[in-house]
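[1] Predicted structure and sequence below. I'll ask about it afterward.
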2 protein chains.
Amino acid sequence: MAGTGARRMRADARRNRERLLTAADEGFREHGVEASLERIAREAGVSIGTLYAHFPSRQALAAALLRARHDSLFELGDSLPGEWSAIDALATWMRAVAAHAAAYRGLATFLVNALGDEASELHAECARMARITERLVDNARGTIGAKVTAEDVLAVTNAAAWTREQVSSSQADRLLDLALRGLRAVTPEPPL
Amino acid sequence: MAGTGARRMRADARRNRERLLTAADEGFREHGVEASLERIAREAGVSIGTLYAHFPSRQALAAALLRARHDSLFELGDSLPGEWSAIDALATWMRAVAAHAAAYRGLATFLVNALGDEASELHAECARMARITERLVDNARGTIGAKVTAEDVLAVTNAAAWTREQVSSSQADRLLDLALRGLRAVTPEPPL
DNA sequence: TTAAGATATCGAGGGGTCCTCGAGTTAGCA
DNA sequence: TGCTAACTCGAGGACCCCTCGATATCTTAA
């Protein structure tokens, strides 16, 4: 087995892990998050058994693949409060998450499932995204409708990610803009 | 082979077709639109070959399964102009489509793909939905933002269907409400 | 340098799935 | 009661997931 790096791995293991990640990225890009793992292993020049030794599940593979991306996303999310007005911070966050969750075809669905599945290797990351969203929504209270919840914002963001995957990124952007207008509008319309 | 009913089918064929549809509905309900066709055939008490004789593809099976639903959806869509204000007609339509496209897990994605694939057995139906949407959007011009396109509305609707599948119907409703608020809001806010 | 032991790799194999197609069966007409 | 067109069957090839015992390789300490 190969940990994430806690204990120094054997040289061949480290090499194979890298090759697997490269092949997986390519496979996911081309065939979406449900790409054949056997093909990925073959492409990496490694047996299917070795793939499973390194990544015991598709989730684990995806999690490793997304690690770097998630790290920079969280960094952004943590830096946003203070840098912009609360509403702009929220909008920026939503756009960033939507772009992220559409990195591979099927990823939006994959991540939503992970958020609802404590056992998933991706659960912690999804929960963190949810927490950042909550914070940004709280900060924007007053600018956005009082009845708008963080769940609403997350749902809109995920839906935009799905639209990005399935339709186009420009359509997803329009959806997000539309929803953002809706988020602001409260009964006594606030000054634009 | 068994047509849609143009020429009268043999009694056994008609019986098997019904059984297959029943089993497919059950299977799709339980496992989503990607449910195993072999299992569906088994459940229907029929061989896999017979399933393929009746429905040459998963799309064809889904199309047959959705026919009745689609018919009543189109009936609604065609009756809407005139019955309500243009904006309410549009909102009603969006809710109906979103509810429809979430009948089975994975259906929203399935339908979006069908809209973009002329060869799909579901293409015509999806195109018809798009046409109805266009008409309702045109009718609502003036009430909704001038820059809002029928594509935008369709995208929002599909996204809501996906949310319904993946999260919950109440969350999908909230998303739709939010988006509808965004649809109305134009720079000089119209009277509510 | 070498040999033991920990670590990693391999791939056959069981259980699924999709879909095709030649051979066998049957409904329904004459 | 045939006959035939219509229908059904299911083995089989190609692919996929995942496991696990056998095998190979790296690393370290003597």
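    Right, received. Where do you want to start? Residues are numbered from 1 along each chain as shown, chains lettered A, B, ... in the order given.
[2] Please name every helix or strand in contact with the host helix or strand of A:L20.
    Per DSSP states H and E: A:L20 is located in helix A:11-31. Judged by 3 or more Cβ pairs under 8 Å, 6 or more residues apart in numbering or on different chains; DSSP states H and E, the packing partners of helix A:11-31 are helix A:37-43, helix A:48-54, helix A:58-79. All C-beta spots, glycine's among them, are computed from the backbone N, C-alpha and C.
[3] Who are the packing partners of the second one?
    Read that as helix A:48-54. Short answer (3+ Cβ pairs under 8 Å, 6+ apart): helix A:48-54 packs on helix A:11-31, helix A:37-43.
[4] tally of neighbours for A:E75?
    10 (other Cβ atoms under 10 Å in any protein chain shown).
[5] What pLDDT does the model give it?
    For A:E75, the pLDDT comes out at 98.
[6] gap between it and DNA strand C?
    30 Å (Cβ to the nearest atom of the strand, to the nearest Å).
[7] tell me how far stretch A:156-168 is from the chain's mean position?
    Offset of stretch A:156-168 from its chain centre (Cα atoms, centre = their mean, to the nearest Å): 12 Å.
[8] Residues of chain A that sit close to chain B?
    Contact residues, chain A versus chain B (Cβ under 8 Å from any Cβ of the partner chain): A:109, A:112-113, A:148, A:151-152, A:155-156, A:158-160, A:162-163, A:166-167, A:171-172, A:174-175, A:177-183, A:185, A:189, A:192.
[9] Pull out the buried members of these.
    A:109, A:112, A:148, A:151-152, A:155-156, A:158-160, A:162-163, A:166-167, A:171-172, A:174-175, A:177-183, A:185 (16 or more other Cβ atoms under 10 Å in any protein chain shown).
[10] what sits up against the helix holding A:L20?
    Defining contact as Cβ atoms under 8 Å, 6 or more residues apart in numbering or on different chains, one finds that helix A:11-31 is touched by A:2, A:9, A:35-36, A:39-41, A:43-46, A:50-51, A:54-55, A:61-62, A:64-65, A:104-105.
[11] same deal with stretch A:107-125?
    Under the contact criterion Cβ under 8 Å, 6+ apart, stretch A:107-125 has outside partners A:32-33, A:57, A:59-60, A:62-63, A:66, A:70, A:101-102, A:126-127, A:129-130, A:158, A:161-162, A:164-165, B:109, B:166-167.
[12] let's see it at 7 Å
    The contact list for stretch A:107-125 (Cβ atoms under 7 Å, 6 or more residues apart in numbering or on different chains) reads A:33, A:57, A:59-60, A:62-63, A:70, A:101-102, A:126-127, A:130, A:158, A:161-162, A:165, B:166-167.
[13] low pLDDT regions in chain A?
    For chain A, the stretches flagged by pLDDT under 70 are A:1-6, A:185-192.
[14] Outline the domain layout of it.
    Per automatic domain parsing, the structural domains of chain A span A:1-56, A:58-184.
[15] out of the ones you listed, deepest packed?
    Among these, ranked by average contacts under mean count of other Cβ atoms under 10 Å in any protein chain shown, first place goes to domain A:58-184 (a mean of 19).
[16] how long is that one end to end?
    When the termini of domain A:58-184 are compared using Cα to Cα, to the nearest Å, they are 39 Å apart.
[17] Can that domain be said to contact DNA strand D?
    Yes. Using Cβ under 7 Å from any atom of the strand, domain A:58-184 reaches DNA strand D at A:R58.
[18] From the chain's centroid, how far away is that domain?
    Domain A:58-184 sits 7 Å away from the centroid of its parent chain (Cα atoms, centre = their mean).
[19] Looks to me like A:V97 is in a helix.
    Yes. Secondary structure of A:V97, determined by DSSP: H, G, I helix; E, B strand; the rest coil: located in a helix.
[20] so which strand or helix has the closest residue to it other than its chain neighbours?
    Distance criterion Cβ to Cβ, 6 or more residues apart in numbering or on different chains; nearest residue to A:V97, sequence neighbours excluded, is A:T157 at 4.9 Å. Applying DSSP H and E as the criterion places A:T157 in helix A:150-166.
[21] Quick check on A:K147: phi, psi?
    Main-chain dihedrals, A:K147, degrees, to the nearest 10: phi -90, psi 0.
[22] For it, which residues are in contact?
    Residues near A:K147 by Cβ under 7 Å, 6+ apart: none.
[23] Could you do A:L61 as well?
    Neighbouring residues of A:L61 by Cβ under 7 Å, 6+ apart: A:A24, A:F55.
[24] What of A:A41?
    A:A41 makes contact with A:S47, A:I48, A:T50, A:L51, according to Cβ under 7 Å, 6+ apart.
[25] got CSV for those residues, with distance to A:L90 too?
    Shown next, in CSV, are the contacts of A:A41 (distance: Cβ to Cβ, whole Å):
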residue, distance to A:L90
A:S47, 47
A:I48, 44
A:T50, 43
A:L51, 39
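[26] out of those residues, who's nearest A:D78?
    A:L51 (33.4 Å; Cβ to Cβ).
[27] check contacts around that closest one.
    The contact partners of A:L51, taken as Cβ under 7 Å, 6+ apart, are A:L20, A:L37, A:I40, A:A41.
[28] which of the residues you listed sit farthest apart?
    It's A:L20 and A:L37 that sit farthest apart of the contacts of A:L51, by Cβ to Cβ, at 9.7 Å.
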